[in-house]
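> Output the structure for:
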Amino acid sequence: MFKNKKKYLVLLLAAMIMIPMSIYAQPPEKDGGRTEEHWMHGKKEQGPHPMIPDLSDKQKEKMKDLHVELMKTVQPIKNEIGELKAKLHTLQSADKPNMVEINKLIDNIGLQHTKMMKLHAAHMQEIRKLLTDEQRVFFDAHKPDHGKRMKHHDPQMQKKQH
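Numbers count the residues shown, from 1 in each chain. Next comes the predicted model:
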């Protein structure tokens, strides 16, 4: 009888160790378990706006060109924001922080974000011009939240979230 209790104790101990390990071994589902195919309605289409139905090859190519042009314009602004944030961090961590300089940097960072938002807004309008009425209705109803998407791709925002 003592041997059976020992076996059960060992099995119980092993289960207590293995169950939590298996839970943490699975990556968390950030989108509620929905797959890429779910979001794209079963289409394995790639590109900056994959959810728009019935895009012609000409539309896709023009959208790709507009997207590349936008990224070329936005990247230097993102770099500038990164530099300003680094400078801001340096000023904020000084023994005697200069609030005038800190506030100037904060204002400048805000201006850069505003500039980027305006570029994105203009980009969306350029995309809308390429679409048929039906596609435009779908596009307007399913606009991505660029702010959330940018946070996922911005390493500084990821640091703040964790």
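
> residue ranges with poor pLDDT in this protein?
Along the chain, the model assigns pLDDT under 70 to residues 1-3, 19-50, 144-162.

> In terms of secondary structure, what does the longest helix anywhere in it contact?
Longest helix of the chain, by residue count under DSSP state H: helix 57-92. If you count contacts as 3 or more CB pairs under 8 Å, 6 or more residues apart in numbering; DSSP states H and E, helix 57-92 packs onto helix 99-130. Yep, even glycine has a C-beta here, placed from its N, CA and C like the rest.

> The longest helix of the chain to helix 99-130, inter-axis angle?
170 degrees (axes from the mean of the first three to the mean of the last three CA atoms, to 10 degrees).

> Helix, strand, or coil at N4?
Under DSSP: H, G, I helix; E, B strand; the rest coil, N4 falls in the helix class.

> Number of residues surrounding it?
For N4, the count of nearby residues is 8 (other CB atoms under 10 Å).

> For L13, see how far away it is.
Computed as CB to CB, to the nearest Å, the N4 to L13 distance reads 15 Å.
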